[in-house]
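Trainee: Test case, fold it:
(one chain, ligands or ions: 1)
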Amino acid sequence: MASVVVTGGTGLIGKAIEHVINTEPVGSKFGKLPDETWIFVGSSEADLRDPEETRKLYEKYKPTHIIHLAALVGGVYRNMKYKLTFLRDNILINDNILHTAYTHKTAKVLSCLSTCIFPDDVVYPLDETKLHSGPPHESNFGYAHAKRLVDVQNRAYKEEFGCNFIAAIPTSVFGPHDNYDLENAHVIPALVHRCYLAKKNGTPFVVGGSGKPLRQFIFSYDLARCFIWMLRNHDDVEPVILSVSEEEEMSVKEIADAIVKAVGFEGQYSFDATRSDGQFRKPASNKRLLELMGGFEFTPFEEALDLSVKWFSENYETARTGNTT
Ligand SMILES: NC(=O)c1ccc[n+]([C@@H]2O[C@H](COP(=O)([O-])OP(=O)(O)OC[C@H]3O[C@@H](n4cnc5c(N)ncnc54)[C@H](OP(=O)(O)O)[C@@H]3O)[C@@H](O)[C@H]2O)c1
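Mentor: Sure thing, here's the model as predicted:
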């Protein structure tokens, strides 16, 4: 009987995998198999930086398969301030998960990297061959190097011990259970939260920057389906980028317009072009994913956004909103 443990099971992506596994019909392409158990664990169950707690977790659940999402994640400010902590905590978490999977003969580990760990100076679009072709952006130097090492470890465990350890590389994700903390959130949850507060307080909704930069996102439920597909069907150590296609890049203005509509905000709405825009675009190719899966139908952006905004409004009191007083 298969036992799948999802680390980081309390986070944005973990909750999405739990939703898909519990709602798709049993035995279907993305559903639970009849003889399978899925266990979603957060840091309160085991601090994965600690080898002993990691070992106890493996001995408690005896996983045959692991989806490894747990990581120390954070916004640019925290990444820059705590470079060593981001490097070391993530190295420890990843090394404990992979080495304990090896010693406990876990059949497969699917780990999670990120398109933000690619080289800073790179020819776009990003693709899987470019992961190690130059240093990452200095702002996430610690996090990016720790994540890149997972790919190195996967290859070394395969070569030396024949382990089936693989990795996925998601682009920016959004969905229910996202981090809406205004200090730390990614662009979609940050704008959703700000627009929600503007509506609630009757204040203007101001979006930082010109609104022109282009961004790519994947809805967490779509990402969850891709993870479940990879767990079942993909045993190649070469990582796979999980993203919508480059043609589905959206401008920050298009995203903000969709948020205004989804939130039902009718007040004053503008862009503050004096604020920095960041990089104009950093597209990633999903060619390999589509070839491997033989196509995939992504949820239309507005539908996914409506669902996420509805979740945020209904769960405002318990969502990760940070200090908004
Ligand atoms: N969000 C994105 O846009 C994005 C994009 C690409 C890749 N990723 C990757 O996807 C993965 C999941 O991200 P997410 O957005 O779902 O993050 P998240 O919502 O912040 O969740 C992080 C998860 O990691 C767990 N965790 C953190 N430190 C831990 C520790 N020491 N021991 C055990 N568990 C620990 C947390 O547990 P508790 O909450 O219980 O403390 C939580 O379940 C990460 O590896 C991240 O790098 C995310």
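Trainee: Skip the chain neighbours and tell me the closest residue to residue 194.
Mentor: residue 205 (6.4 Å; Cβ to Cβ, 6 or more residues apart in numbering). C-beta here means a position set from N, CA and C on the backbone, and glycine is covered the same way.
Trainee: same thing with residue 315?
Mentor: Nearest residue to residue 315, sequence neighbours excluded (Cβ to Cβ, 6+ apart): residue 176, at 7.7 Å.
Trainee: what about the one you found, how many residues close to it?
Mentor: As a burial measure, residue 176 scores 21 neighbours (other Cβ atoms under 10 Å).
Trainee: Tell me how far it lies from residue 293.
Mentor: To residue 293, residue 176 is 23 Å away according to Cβ to Cβ, to the nearest Å.
Trainee: Would you mind listing what in the stretch 51-200 of the chain touches the ligand?
Mentor: Residues of the stretch 51-200 of the chain that fall close to the ligand, judged by Cβ under 6 Å from any ligand atom: 69-73, 93, 112, 114, 170, 172-173, 179, 186.
Trainee: So which of these is surrounded by the most neighbours?
Mentor: Counting by other Cβ under 10 Å, top hit in those: residue 70 with 27 neighbours.
Trainee: from memory that one sits against residue 10, does it?
Mentor: No - using Cβ atoms under 8 Å, residue 70 is not in contact with residue 10, being 9.2 Å away.
Trainee: Now list whatever residues contact both of those two.
Mentor: Counting by Cβ atoms under 8 Å, 6 or more residues apart in numbering, the residues touching both residue 70 and residue 10 are residue 43.
Trainee: How about the secondary structure of residue 35?
Mentor: Put simply, residue 35 is coil when judged by DSSP: H, G, I helix; E, B strand; the rest coil.
Trainee: I'd say it and residue 3 touch.
Mentor: No - using Cβ under 8 Å, residue 35 is not in contact with residue 3, being 9.9 Å away.
Trainee: the more surrounded of the two?
Mentor: residue 3 (16 against 8).
Trainee: I appreciate the help and will end here.
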